[in-house]
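S.K.: Give the three-dimensional model of this entry:
(one chain, ligands or ions: 1)
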Amino acid sequence: MHKFCVAPMMDRTDRHERYFLRTITTETLLYSEMIHANAVVHGDTTSLLKYHQNEHPLAIQLGGSDPSLLAEAALIAQNYGFKEINLNVGCPSDRVQKGKFGAILMKEPNLVADCVKAMIKSTNLPITVKCRIGVDDMNEDSGLDNFINRVKDAGCNTFIVHARKAWLEGLSPKENREIPPINYPRVYKLKEDHFDLKIVINGEISSIEQSLSHLKYVDGVMMGREAYDNPFLLKDVDTSIFNKKTKIKSRKEILMDYLPYLESEHRQGVKLVHATKHLMGLFKGLQGAKEIRRFLTKIDSIESPIEQYKQLALGFNE
Ligand SMILES: Cc1cc2nc3c(=O)[nH]c(=O)nc-3n(C[C@H](O)[C@H](O)[C@H](O)COP(=O)(O)O)c2cc1C
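M.R.: Just a heads-up that it's a prediction; the model follows:
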């Protein structure tokens, strides 16, 4: 299931983006944005967890560090039909640090272990962890080993590892995705040392070729920014990575397959731009991309927007 995944990304991997990605690849495992356990339990659960059945296989990513709250949230997510619960142990933002969750939890392996145990107890779903190779001055070898061993003992057997440290002071979340050096060999070693674990590698992976090369060393690849900025590359995932004999879609087919969804959301009163804003990357490098983007941004103020969208889609030759 984890051979190829698209990363959880706040403000990006919402339900509209996931449905869109599903028109391109059927096999890729998709993740929700991070949702705090407290919001799942005490917030507007229905709108936070709403998704379309076509989005499966779909995992939810939870944030939090209170074992009983996470257990409650995980059970709710299970009842909504998510296929996996992933715990965020990688986000370095100040807000998240203050809330004592995300990457700062790498310093508290026992607490993460308790969170994992509590979620395993409350659900039948796989509980996975997305982490970094370390934080701050933590030793990338012994520190990471200690973290993995504790959490593994609690029953977690799948780790998604962003192959760089997080520096919790002085770097923004964006810088924390660029500045600490990437260290793929450390993640490969994790797999070598823990052959019984499923290890998914993440960080700066930007092509199918790179993904296939990582798959020689680890069980899965997770792609984030490139999948969002250039979603057309995902058209080859089902055939090249999952060895499915499915037809590779053209841009026209992808846009047409998204049309019924747009119509349905429109009928329900959803602003179309919430869904069309995620399509921008599909036109990367194409002539006329700027005009298309302008159209998709202004779509709600256009007359007969669905018909116009259809004309746009049919205008593509491939
Ligand atoms: C806009 C944005 C939002 C993100 N939000 C989350 C999140 O909610 N949870 C999470 O675990 N990681 C989040 N990340 C980190 C990604 O999941 C991923 O680990 C990171 O971007 C590195 O992978 P990449 O180089 O393939 O993009 C986010 C990244 C971006 C760019």
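
S.K.: list the contacts for Ile160?
M.R.: Residues near Ile160 by C-beta atoms under 8 Å, 6 or more residues apart in numbering: 2, 5, 86, 128-131, 200, 202, 220, 222. Using the backbone N, CA and C atoms, a C-beta is placed for each residue, glycine as well.

S.K.: From Gly134, how far out is the nearest residue to Asp141 once chain neighbours are set aside?
M.R.: Excluding the flanking residues, the one nearest Asp141 by C-beta to C-beta, 6 or more residues apart in numbering is Arg186, at 7.7 Å. Applying C-beta to C-beta, to the nearest Å, the value for Arg186 to Gly134 is 9 Å.

S.K.: Also Val187?
M.R.: 12 Å.

S.K.: Ok, Leu234 next?
M.R.: 30 Å.

S.K.: And the protein, what are its domain boundaries?
M.R.: Domains of the chain are assigned by automatic domain parsing as 4-241, 251-314.

S.K.: Which among the ones you listed is found nearest to the ligand?
M.R.: Using C-beta to the nearest ligand atom as the measure, domain 4-241 is the one of those that comes nearest the ligand, at 2.6 Å.

S.K.: Name the residues of this protein found near the ligand, please.
M.R.: Taking C-beta under 6 Å from any ligand atom, the part of the chain that reaches the ligand is made up of 7-10, 12, 33-34, 61, 88, 90-91, 130, 162, 177, 202-205, 223-226.

S.K.: Thought Tyr258 was touching Leu279, still the case?
M.R.: Yes - using C-beta atoms under 8 Å, Leu279 is in contact with Tyr258, at 7.4 Å.

S.K.: hey, what's in contact with both of these two?
M.R.: By C-beta under 8 Å, 6+ apart, the residues touching both Leu279 and Tyr258 are Phe20.

S.K.: Tell me the predicted confidence for Ala163.
M.R.: pLDDT, Ala163: 98.

S.K.: mind listing what the residue nearest to it when sequence neighbours are not counted touches?
M.R.: Distances taken as C-beta to C-beta, 6+ apart place Gly203 nearest to Ala163, at 4.3 Å, with adjacent residues excluded. Taking C-beta under 8 Å, 6+ apart as the criterion, Gly203 is in contact with 162-164, 177, 182, 184.

S.K.: Greatest separation within the residues you listed: which pair is it?
M.R.: Arg177 and Tyr184 (15.2 Å; C-beta to C-beta).

S.K.: related to what we said a few turns ago, now list the buried members of the residues of the chain next to the ligand.
M.R.: 7-9, 12, 33-34, 61, 88, 90-91, 130, 162, 177, 202-205, 223-226 (16 or more other C-beta atoms under 10 Å).

S.K.: Please narrow these to those residing in helices.
M.R.: 225-226 (DSSP state H).
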